[in-house]
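Engineer: Give me coordinates for this.
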Amino acid sequence: MMEIEAFKKLKEIGKKPVKAQIGGFRPEDGRRSWFGGHFYIDAEAGWPTDTDGHMIPVLQAYVPEIPGGIEGVGHSSMIQVFLNKKQLPLEPAKNGDGWKLIEHPSVDGLQLVDTPEEVRGLREFQIKWHLSEENDYLCWEEAWDYVDLTQVNEDDEWSDQFFDEFTRYTFTKIGGYPSYIQSPISMEDCQFVMQFASEEKPRFMIGDNGNLYFYRSRADGEWYMYWDCY
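Structural biologist: This next block holds a predicted model:
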């Protein structure tokens, strides 16, 4: 099948995400990446809280374990994401507005802390990270910002080829492109960094099998989170 120019250009900007393997292996000792708990906490700061009390531990990423690190986190050794225990923000939310991302420049001094009982609903699983063998590609709506897809839109065969070939990893990952369930949002001047999916093993659910998406501002380094679901 002939490959049109638009497809060639989209393939040039494909990105390999780093996929999270959640459980399925014997956990290793020491500071590691975890889903749902087993978090290392700054003893002085204590467990993160907001106006509704203790926050839910979602994911702890130990950066040295991650192939290629995490683009956008600088020299941080560990990042941790927590959610408000009652509700998710309705719009793209800045760090601290119903959720919290903490960057630890060093893991020295962090201590393993049991999850507070009031936010202990998730099952804890250690994570291993694997660089995907397949590229992520932009979704249909976002691809128009890079290439003219009029020719594809007017041809059923090319349209089918687009949706067959230009896919994305849909589960928890770092890097690549967001795998939106609904229409994508515009996050101008922000870099997509990672996605947390609803995951069966830890019993983590965002709405109806939804995803969390995390972005970092290129202007001031501020973090933002957005979510969608079926």
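Engineer: where exactly do the helices run in the chain?
Structural biologist: 5-12, 140-143, 150-153, 156-165 (DSSP state H).
Engineer: And those: which comes nearest Pro178?
Structural biologist: helix 140-143 (8.6 Å; CB to CB). Placement of C-beta: from N, CA and C, glycine included.
Engineer: Same list (the helices of the chain) but as JSON lines, adding distance to Leu122.
Structural biologist: Output for those, formatted as JSON lines (distance: least, CB to CB, whole Å):
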{"stretch": "helix 5-12", "distance to Leu122": "37"}
{"stretch": "helix 140-143", "distance to Leu122": "31"}
{"stretch": "helix 150-153", "distance to Leu122": "41"}
{"stretch": "helix 156-165", "distance to Leu122": "34"}
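Engineer: I'd like to know which of these is closest to His38.
Structural biologist: His38 lies closest, by CB to CB, to one member of the helices of the chain: helix 140-143, at 35.2 Å.
Engineer: Kindly reformat the helices of the chain as CSV and extend each row with mean neighbour count, distance to Leu212 and mean pLDDT.
Structural biologist: Below are the helices of the chain laid out as CSV (neighbours: other CB atoms under 10 Å; distance: least, CB to CB, whole Å; pLDDT from 0 to 100):
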stretch, mean neighbour count, distance to Leu212, mean pLDDT
helix 5-12, 14, 25, 95
helix 140-143, 16, 18, 96
helix 150-153, 15, 30, 94
helix 156-165, 13, 24, 95
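Engineer: Of those, which is nearest Tyr224?
Structural biologist: Here helix 140-143 is closest among the helices of the chain (CB to CB), at 16.8 Å.
Engineer: So what touches that closest one?
Structural biologist: By CB atoms under 8 Å, 6 or more residues apart in numbering, the residues outside helix 140-143 that reach it are Leu10, Tyr137, Leu149, Phe162, Phe163, Phe166, Tyr177, Ser183, Pro184.
Engineer: Taking the residues you listed together, which two end up most distant?
Structural biologist: Leu10 and Ser183 (18.8 Å).
Engineer: Quick one: residues contacting the most centrally placed residue in the chain.
Structural biologist: A centroid search over the chain (CA atoms, centre = their mean) returns Gln195, at 1.8 Å, as the residue closest to the centre. Shown in contact with Gln195 (CB under 8 Å, 6+ apart): Thr172, Lys173, Gly176, Pro178, Ser179, Asn211, Leu212, Tyr213, Phe214.
Engineer: For Asn135, see how far away the closest residue in space to the third one that isn't next to it in sequence is.
Structural biologist: Read it as Gly176. Nearest residue to Gly176, sequence neighbours excluded (CB to CB, 6 or more residues apart in numbering): Pro17, at 2.9 Å. Separation of Pro17 from Asn135 (CB to CB, to the nearest Å) stands at 9 Å.
Engineer: Are there residues contacting both of the two? Which ones?
Structural biologist: Shared contacts of Pro17 and Asn135, counting by CB under 8 Å, 6+ apart, come down to Gly176.
Engineer: what about these two, which has more around it?
Structural biologist: Set Pro17 next to Asn135 and count neighbours by other CB atoms under 10 Å: Pro17 wins out with 23 against 19.
Engineer: tally of neighbours for the closest residue to Met194 other than its chain neighbours?
Structural biologist: Closest residue in space to Met194, ignoring its immediate chain neighbours: Ile174 at 4.5 Å, by CB to CB, 6+ apart. Neighbour count for Ile174, taken as other CB under 10 Å: 26.
Engineer: Lys15 is in contact with Ile174, correct?
Structural biologist: No. Ile174 lies out of contact with Lys15 (CB atoms under 8 Å); the separation is 10.8 Å.
Engineer: nearest to Leu90, of the contacts of helix 140-143?
Structural biologist: Ser183 (15.6 Å).
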